[in-house]
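> mind folding the following:
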Amino acid sequence: MNLEPVIGIEIHVQLDTKTKAWCDCELKVNGFENNYVCEVCSAQPGTLPVVNKKAVEYALRLGLATNCSINEVSFYDRKNYFYPDLPKGYQITQYKTPICENGEIEILKEDGESTKKIRLERIQLEEDTGKSTHYGDYSLINLNRAGTPLVEIVTRPDFVNAKEVTNFLKKVQAILVYLGVSKANLQDGNMRCDVNLSLKEVGSEVFGTRTEVKNLNSYRSVERAIAYEMIRQKETLEKGEKVLQQTLLFDVESGKNKVLRTKSDADDYRYFPEPDLLPLIVEENQIETIKKSMPELPDAKKNRFVSEYSIPMYDAEVLCSDKELANYFEQCCKLDKNYKKISNWILSELLKYVNESKTEISKIKLSPKHLVDIVNLVDSGKISGKIAKEIFVEVYDSGKLASEIVKEKGLEQNSNSDELETLVQELINSNPKEVEELKNGRDRMMGFFVGQVMKKTGGKANPKMTTDLVKKLLGLK
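Model (predicted):
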């Protein structure tokens with residue numbers, strides 16, 4: 001069977017407000033269990049919800065950033081279902097008319113070069129449930145998370161592979177952080193992803209039966225869950241069996257999707273208008289005020305980096321994928337105009353150590369001043385790139401300037417032309433065979449001479465000056 005996947009996703013994002021969606025409880029999901037709960041979020045009889053205005057503002061900011069149309073009037077609904085950690089027995093959400101609709105986000109395709117636009121069906125306001133923790137034959141309920149304000153982002157089924165999905169998630173994460181509306185950390189649960197996937201005949205407009213994989217909390221898990229589900233559904237169809245509409249959970253240990261329950265349709269949730277909340281009205285002046293306060297977003301910053309700093313699009317894409325990293329780069333550029341060299345050091349060395357140490361950019365000891373110091377030492381010829389990479393770790397760990405380390409350890413590059421010329425002449429005199437090979441066009445022999453000089457100087461010889469001297473003394477161009 002010639003099949004292709006049809007993939008859409010839903011993202012649940014915890015908004016970084018100070019209080020919960022419908023009450024004044026401090027939003028502290030990881031605080032002491034059941035210590036941030038009141039009559040409203042624990043659903044005591046007779047209590048009424050009050051809309052968190054900051055949550056509404058954050059949803060509008062996200063809608064504007066993703067090119068959505070904003071509904072002047074939207075409505076809250078009740079989604080009825082029973083979970084032990086959902087004390088009301090229903091979730092307040094937006095079903096028929098969400099606050100934002102019909103947006104789009106541009107992402108990189110799997111090839112990492114071409115782009116495509118992913119359509120957003122809706123962005124809706126809702127609330128989170130509490131948390132159940134299971135211990136063998138009993139479970140404990142923590143309601144600190146109950147009533148946490150969420151936005152749910154629902155895409156159209158525009159993805160054709162797992163890499164597009166993770167590229168989209170990274171783009172959404174960057175937008176959320178740039179906007180300051182969420183920490184958007186998958187591992188911490190600030191952002192959770194559900195994947196809807198079906199298979200269809202190539203070229204057909206008829207979709208197959210879809211399944212939903214819930215609560216994926218890492219990019220790796222998203223890609224593994226999609227890969228497994230594509231194989232599972234294909235094998236099911238090739239055996240002549242039907243794919244069942246089910247809700248699945250991805251098991252990290254086995255790498256398999258396991259059945260949680262038979263998938264419910266919208267009718268099963270018995271949606272009806274939330275009677276305790278008035279329609280949500282967004283006024284034009286409110287939208288205009290938010291527009292004026294919008295920060296520079298990843299795509300705009302990326303394009304500016306390319307034009308202002310003359311760096312490749314790839315460099316700008318990586319730098320702007322993280323707000324702190326983009327700020328770090330710009331701080332370096334204020335200190336020095338070697339923009340491309342700064343970018344190279346950030347992408348090749350800095351990110352390697354940041355990722356290994358799992359440290360936030362804002363908390364590392366190697367400041368923009370430290371990085372520019374390294375770039376200048378190499379650029380001025382005081383140290384070689386090799387020595388710079390060797391002392392980079394010490395700068396990163398200690399917070400000492402590279403120039404101080406170079407001075408203390410006597411690592412400054414030898415650029416004494418008379419001394420180097422003497423060494424080069426000695427090598428030429430004692431290696432006639434290698435000289436002849438170099439003169440006959442065997443260019444890699446240049447590495448032999450430079451390497452020998454570096455060896456005799458303990459790695460301190462200026463390699464460019466050494467190369468120039470070899471050419472000069474042998475009459476090479």
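
> care to break this protein down by domain?
Per automatic domain parsing, the domain ranges recorded for the chain read 3-289, 296-409, 417-474.

> for the longest one, measure first residue to last.
To tie it back to what came earlier, the one meant is domain 3-289. 48 Å (CA to CA, to the nearest Å).

> ditto for stretch 198-205
12 Å.

> can you list the buried residues in that stretch?
198-199 (16 or more other CB atoms under 10 Å). Quick note: C-beta positions are derived from backbone N, CA and C, even for glycine.

> quick one: mean pLDDT for that stretch?
Here stretch 198-205 scores 92 as its mean pLDDT.

> so what's the residue most central in space within the chain up against?
Closest to where the C-alpha atoms of the chain average out (CA atoms, centre = their mean) is K170, at 3.8 Å. Residues in contact with K170 (CB atoms under 8 Å, 6 or more residues apart in numbering) are 219, 321.

> could you redo the last one with a cut-off of 7 Å?
By CB atoms under 7 Å, 6 or more residues apart in numbering, the contact list for K170 reads S321.

> try K242
Contact partners of K242, counting by CB under 7 Å, 6+ apart, are T209.

> sec struct for it, please.
Assigned with DSSP: H, G, I helix; E, B strand; the rest coil, K242 falls in the coil class.

> re earlier: just checking, next helix/strand downstream of the host helix or strand of the residue nearest to the centre of the chain?
Element membership for K170 (DSSP states H and E) is helix 162-179. Under the assignment DSSP H and E, the closest C-terminal helix or strand after helix 162-179 is strand 191-201.

> in the helix or strand that that following strand is followed by, what's buried?
Counting by DSSP H and E, the next helix or strand C-terminal to strand 191-201 is strand 211-216. By neighbour count with 16+ other CB under 10 Å, strand 211-216 contains the buried residues 211-214, 216.

> which of the residues you listed lies closest to L366?
Nearest to L366, judged by CB to CB, of the buried residues of strand 211-216 is L216 at 33.4 Å.

> give me the beta-bridge partners of that closest one?
Beta-bridge partners for L216, by DSSP bridges, are C193.

> quick check, T211 in contact with L248.
Yes - in this structure, T211 is within contact of L248 by CB atoms under 7 Å, at 5.7 Å.

> any idea how far stretch 405-425 is from the chain center?
In terms of CA atoms, centre = their mean, to the nearest Å, the centre of stretch 405-425 is found 44 Å from the chain centre.

> and the longest helix for this protein?
If you go by DSSP state H, the chain has its longest helix at helix 219-238.

> how about residues contacting it?
1, 3, 5, 7, 162, 165-166, 169, 193, 195, 197, 199, 211, 213, 216, 243, 250, 252, 255-257.

> then stretch 129-142?
33-34, 83-86, 143, 145-146.

> closest one of these to D373?
R145 (45.4 Å).

> pull the most distant pair out of the buried residues of strand 211-216.
T211 and L216 (13.1 Å).

> packing partners of the strand or helix carrying Q124?
Taking DSSP H and E as the criterion, Q124 maps to strand 115-127. Where contact means 3 or more CB pairs under 7 Å, 6 or more residues apart in numbering; DSSP states H and E, strand 115-127 is packed against helix 53-65, strand 90-93, strand 100-108, strand 149-155.

> hang on, the earlier thing: could you check the angle helix 53-65 makes with the helix holding K170?
Relative orientation of helix 162-179 versus helix 53-65 (axes from the mean of the first three to the mean of the last three CA atoms, to 10 degrees): 130 degrees.

> can you pull out the helices in the stretch 301-450 of the chain?
313-320, 323-335, 339-345, 351-357, 368-379, 385-398, 402-409, 417-430, 432-439, 445-456 (DSSP state H, counting those that start in this stretch).

> quick one: closest of those helices to V73.
In terms of CB to CB, the element of the helices of the stretch 301-450 of the chain nearest to V73 is helix 323-335, at 33.3 Å.

> give the buried residues for that closest one.
Judged by neighbour count using 16+ other CB under 10 Å, the buried positions of helix 323-335 are 323, 325-326, 328-330, 332-333, 335.

> follow-up on the earlier one: reformat the buried residues of strand 211-216 as CSV; add distance to G385.
Putting the buried residues of strand 211-216 into CSV (distance: CB to CB, whole Å) gives the following:
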residue, distance to G385
T211, 51
E212, 51
V213, 46
K214, 48
L216, 41
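
> follow-up on the earlier one: filter the contacts of helix 219-238 to the buried ones?
3, 5, 7, 162, 165-166, 169, 193, 195, 197, 199, 211, 213, 216, 243, 250, 257.

> measure the residue sitting furthest away from the middle of the chain to F449 for me?
Here the centre of the chain is the reference, and by CA atoms, centre = their mean the most remote residue is N429, at 57.0 Å. Distance of N429 to F449, computed by CB to CB, to the nearest Å: 12 Å.
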